[in-house]
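1. Structure for the following, please:
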Amino acid sequence: MQFSLPGDDTWREGKLVLENGSLYFRSKEESKLFIIPFLRKGMKLVYFIPFLRKGMKTDFVIPIRSIRDVIREKRNTLIIKHTGTAKLPTQEPGSKSELLLSTYLAADEHVLNEVERELVLRMVANRFSIYFTHTGEGGALPGGKNVAFEKGLLKIVNEALWIIGRESHKRIAWDDIVEVEQKKRNSSKGTEYGALSIEYFGEGSTNTSVISTIVITKGNTTEALLRHALELRKAYKIEKKLPEMESQILRMMYAGALDLSPSALASTAKALGLGEEELKNHVEHLSELGIIDLASQTLRKKGIKYVISLSKTGTSGG
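-> A predicted model of the protein is given here:
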């Protein structure tokens, strides 16, 4: 395994050990045979062996309680986001500030899958027992009415939520979440259940591809999960109401019916009942808000989420 520690601009070869609630990183040149990072069962990696020789030096230690997120970057790189202390240039000697740091791991895909899952399961976060199923684009359920729901966990951190099944785990960043809605409630054998739909951009989607996951929870857990999810989602959506003309511009861009190229700007402005300078001002405002990409004349994630919210509410505001 390779790792790059906070402040490093190079990769080190080494071992990773989990013991007493902490991750220990040890460079290859200092590693010995008594460091055994994984236990194998057949060809499958099962779990970390919590074993570290007493007094052995380590390059770096991350307490599990300090981990805030785990992000997969491509297939062979894992980013561990964690808090740590460091002296800032403007601080007094001896004083330190808590920072959000990034440690990078690189290994074969199947190894990182096991590391990622282990860290997510141990990560301190709000957790909910759920039943879930991942749907297709547009919310289509696989298998129609006879869909099977899997038992699992949902964990929420400030940057993302995780849906963890027996054999799978899925990270959904809050920035990718379009909507969280309560669908319906039912009772079975005296127990009340609630269903939530979580809509989000699919992996690698750059346009309007929105998929969803259906989550079922028991009793009051539904309200607690929905409330917590909506509070966090609020930080990643446009809360201020945009002028009607800017909402119209976004709707037309979403539909691919607006040409903002220099040669067509005058005719586009006329079709909207605007002067050319007025249109430029609206477009520049939307660009400054991070809602549109002027270079590609496309909506950014914020813009897509805003237009979808308009279609759901049937209003012209945010």
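
2. for Ala266, what are its contacts?
-> Glu276 (Cβ atoms under 8 Å, 6 or more residues apart in numbering). C-betas here are computed from N, CA, C, even on glycine.

3. three-state assignment of it?
-> Under DSSP: H, G, I helix; E, B strand; the rest coil, Ala266 falls in the helix class.

4. From Ala125, how far off is it?
-> 53 Å (Cβ to Cβ, to the nearest Å).

5. and what of Gly256?
-> 39 Å.

6. quick one, which of the two is more surrounded?
-> Just comparing Gly256 and Ala125: by other Cβ atoms under 10 Å the higher neighbour count belongs to Ala125, 18 against 11.

7. On the pLDDT front, check that one for me.
-> If you check Ala125, the pLDDT there is 92.

8. Just list whatever residues bridge to the closest residue to it other than its chain neighbours.
-> Leaving aside its chain neighbours, Ala125 sits nearest to Lys155 (4.3 Å; criterion: Cβ to Cβ, 6 or more residues apart in numbering). With DSSP bridges applied, the residues forming beta bridges to Lys155 are Arg127, Trp162.

9. how many neighbours does Lys155 have?
-> For Lys155, using other Cβ under 10 Å, the count is 20.

10. Distance check, it against Glu244.
-> 40 Å.

11. if I look at the closest residue to Pro6 other than its chain neighbours, how far off is Leu232?
-> Closest residue to Pro6 apart from its sequence neighbours, by Cβ to Cβ, 6+ apart: Leu101 at 4.2 Å. Noted for Leu101: a distance of 22 Å to Leu232, by Cβ to Cβ.

12. same deal with Phe149?
-> Phe149 is 24 Å from Leu232, by Cβ to Cβ.

13. Comparing the two, which residue is more hemmed in?
-> Leu232 (18 against 13).

14. Correct me if wrong: Gly21 contacts Arg65.
-> Yes: in this structure, Gly21 is within contact of Arg65 by Cβ atoms under 8 Å, at 6.8 Å.

15. which of the residues in stretch 154-172 are buried?
-> 154-157, 159-165, 169-172 (16 or more other Cβ atoms under 10 Å).

16. Widest-spaced pair of these?
-> Glu159 and Gly165 (20.8 Å; Cβ to Cβ).

17. by contact count, what packs against the strand or helix carrying Glu98?
-> Assessed by DSSP states H and E, Glu98 sits inside strand 97-106. Applying 3 or more Cβ pairs under 8 Å, 6 or more residues apart in numbering; DSSP states H and E, one finds that strand 97-106 makes contact with strand 2-4, strand 77-86.

18. Other residues contacting the shortest one?
-> Among residues not part of strand 2-4, those counted as contacts by Cβ under 8 Å, 6+ apart are Thr10, Trp11, Arg12, Glu13, Gly14, Leu16, Phe25, Thr103, Tyr104, Leu105, Ala106, Ala107.

19. which element follows that strand toward the C-terminus?
-> strand 12-19.

20. hey, which helix or strand in this structure has the poorest pLDDT?
-> Across the helices and strands of the chain, mean pLDDT, DSSP states H and E gives its lowest value to strand 44-48, namely a mean of 40.
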